[in-house]
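# Below is the structure, and that's it, no one-letter string:
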């Protein structure tokens, strides 16, 4: 393993094929949830990937039964009411999205099992997203008591429709791999036991193609996302604002107590 990625110890890096880098979220005991340190590493690694002259394609997947369960409660609770932590996380959340968009290498996500939060950012912003039938995609921000930030506003309406985006993002209902393919949220849905091989075959094909043509095609298409930057910035800022409120406290507590949240019914906005 190149020393280039040694500092990103919260994830596992390997090379399953020539010039193909595979990144595995490697906390299977927590369904690959994201703590503060991992969130920082997930954000920064794309700059090194962009500059790596020895790879042409990237696969991202999760160890065990999940892709990534998103931010763990330690990260969330650290943010509540702490403006310094909120600003830090806001910057990283913003940089994570833009670093993936601007990474020159084609990215393939192999979505195995649940995908949420920061993990879902990577899953859906990947240039080619491949879901297994057991995939469970969910954006649970409003259930937590904060606005749907992260990648929600910048990519869901573009991949599906405004109607579908509003339905799933406001209700927090999960989307299966097959339904995700049907509504256009992912590139394809495959049998679970074929997921990793299909992702590798896809990455190998891209790695062997014309690199200038593939990278310029990605750059051009991602201008759709760049022009939605102000929408994304607003959504993420509003998400962060929610961490200064009362609803997020109830949202976290209800998750821990495994019950429905009891949010205030009145709201001045």
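Structure received. Since we're looking at a predicted model, the values are computed, not measured.
# Can you tell me what sits against stretch 53-61?
By CB atoms under 8 Å, 6 or more residues apart in numbering, the surrounding residues in contact with stretch 53-61 are 2, 15-16, 19-25, 49, 67, 103, 105-112, 122-123, 126, 196, 199-200, 203-204, 206-208, 211. To be clear about C-beta, it is placed using only N, CA and C from the backbone, and glycine gets the same treatment.
# no no, stretch 28-44
For stretch 28-44, using CB under 8 Å, 6+ apart, the contacting residues are 7-11, 25-27, 62-72, 74-75, 78, 89, 92, 95-96, 99, 113-114, 117-119, 122.
# Write the PyMOL selection for whichever of the residues you listed are buried.
A single PyMOL command selects the buried members of these (16 or more other CB atoms under 10 Å):
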select buried, resi 8+10+11+25+26+27+62+63+64+66+67+68+69+70+71+72+75+78+89+92+95+96+99+113+114+117+118+119+122
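# one step back: now list the buried members of the contacts of stretch 53-61.
Among the contacts of stretch 53-61, those classed as buried by 16+ other CB under 10 Å are 19-25, 49, 67, 103, 105-112, 122-123, 126, 196, 199-200, 203-204, 206-207, 211.
# ok, and the closest non-adjacent residue to residue 20?
The spatial neighbour of residue 20 that comes closest, neighbours along the chain excluded (CB to CB, 6 or more residues apart in numbering), is residue 203 at 4.7 Å.
# now for the helix or strand that the one you found is a member of, which elements pack on it?
Per DSSP states H and E, residue 203 falls inside helix 195-207. Helices and strands touching helix 195-207, by 3 or more CB pairs under 8 Å, 6 or more residues apart in numbering; DSSP states H and E, are strand 11-17, strand 20-25, strand 57-62, strand 107-111, strand 128-132.
# check contacts around residue 262.
Residues in contact with residue 262 (CB under 8 Å, 6+ apart) are 250, 254.
# Was I right to think residue 207 contacts residue 17?
Yes: using CB atoms under 8 Å, residue 207 is in contact with residue 17, at 6.9 Å.
# what's around residue 162, how many residues?
Using other CB atoms under 10 Å, residue 162 is surrounded by 10 other residues.
# picking up where we left off before, what pLDDT does the residue nearest to residue 20 get?
Per-residue pLDDT puts residue 203 at 98.
# The stretch 101-250 of the chain: strands as residue ranges?
107-111, 114-115, 128-132, 136-137, 175-176, 188-190 (DSSP state E, counting those that start in this stretch).
# Please produce CSV containing the ones you listed, extended by mean pLDDT.
Output for the strands of the stretch 101-250 of the chain, formatted as CSV (pLDDT from 0 to 100):
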stretch, mean pLDDT
strand 107-111, 98
strand 114-115, 96
strand 128-132, 98
strand 136-137, 98
strand 175-176, 98
strand 188-190, 98
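# Can you lay out those strands as CSV showing distance to residue 168?
Shown next, in CSV, are the strands of the stretch 101-250 of the chain (distance: least, CB to CB, whole Å):
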stretch, distance to residue 168
strand 107-111, 15
strand 114-115, 13
strand 128-132, 15
strand 136-137, 9
strand 175-176, 6
strand 188-190, 16
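# Quick one, which of those strands gets closest to residue 217.
Minimum separation from residue 217 across those (CB to CB) falls at strand 128-132, 12.1 Å.
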